[in-house]
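Participant: sequence first, predicted model second:
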Amino acid sequence: MIPNDESLTTDYQLLGDLLGVPPENVRETLAKYSLRDLGSMTETELRDAGLTPAKARKILSAFELARRYGTSERMRPGQFFENPRQIFDHFHLALRHEKREMFIVVLLDARHRVMKEQVVSIGSLTTSIVHPREVFRPAIRDAAGAIVLVHNHPSGDPRPSDEDVAVTRRLVHGAELLGIRVLDHIIVGDGTYASFKETGLL
């Protein structure tokens with residue numbers, strides 16, 4: 001039986017209801033692992049954390065449904081790029097629990113309509129090594145008029161690092177030589193983002 005809205009007040013109660021156990025039965029799990037941790041774990045990792053196969057699959061299904069629920073906010077091909085919030089809404093559910101830095105380029109036409117997106121680099125826990133040729137190859141191939149750069153910070157803190165700033169400057173310079181506009185570089189964190197355009201870094 002699903003509890004009423006007033007009883008859905010803690011992570012313990014929500015997770016307990018999902019798994020069909022009293023809230024106190026999941027306190028030990030949440031003492032060791034945050035919801036963010038659980039959302040990024042594989043079935044094997046969940047089982048190693050002490051969950052049964054059935055309960056592990058329930059958690060995997062719940063987080064996958066949450067990600068798919070967020071697709072209503074996703075940008076579609078042909079949609080105009082207007083602001084960084086669109087990018088955040090489009091990517092944050094997929095990236096907020098990603099343990100590695102992922103660098104993505106969103107290709108836009110000359111009128112700033114979305115063409116496609118492409119992952120161009122997958123890094124480590126703290127570093128995404130991206131080369132200009134990896135960024136510009138899809139842009140040149142698909143004759144993009146402009147691009148938006150996107151990557152995540154697994155730490156959850158979207159504030160740009162010195163390396164982020166340096167990489168962005170190199171990419172903007174390379175784009176100018178190719179006649180492609182870099183409209184923004186957006187860093188996705190846990191529930192928030194940083195826009196180079198909004199902060200005056202671009």
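Facilitator: Now that the structure is in, tell me what you want to look at.
Participant: can we go C-alpha only for contacts and neighbour counts from here?
Facilitator: Noted.
Participant: buried residues, the helix or strand of the chain with the lowest mean pLDDT. List them.
Facilitator: Ranked by mean pLDDT, DSSP states H and E, the weakest helix or strand in the chain is helix 35-40, scoring a mean of 78. Judged by neighbour count using 16 or more other CA atoms under 10 Å, the buried positions of helix 35-40 are 38-40.
Participant: now do stretch 96-104
Facilitator: Quick answer for stretch 96-104 (16+ other CA under 10 Å): 96-104.
Participant: just the ones of those in strands?
Facilitator: Members of the buried residues of stretch 96-104 lying in strands (criterion: DSSP state E): 102-104.
Participant: give me the contacts around the least confident helix or strand of the chain.
Facilitator: With contact meaning CA atoms under 8 Å, 6 or more residues apart in numbering, helix 35-40 is reached by 46, 59-60, 63, 97-99.
Participant: just the ones of these in helices?
Facilitator: If you go by DSSP state H, those have 46, 59-60, 63 in helices.
Participant: all strands for this structure, in order.
Facilitator: 102-108, 114-122, 146-152, 181-188, 193-195.
Participant: what's next to stretch 165-178, contact-wise?
Facilitator: By CA under 8 Å, 6+ apart, the list of residues contacting stretch 165-178 reads 132, 136, 181-182, 185, 201.
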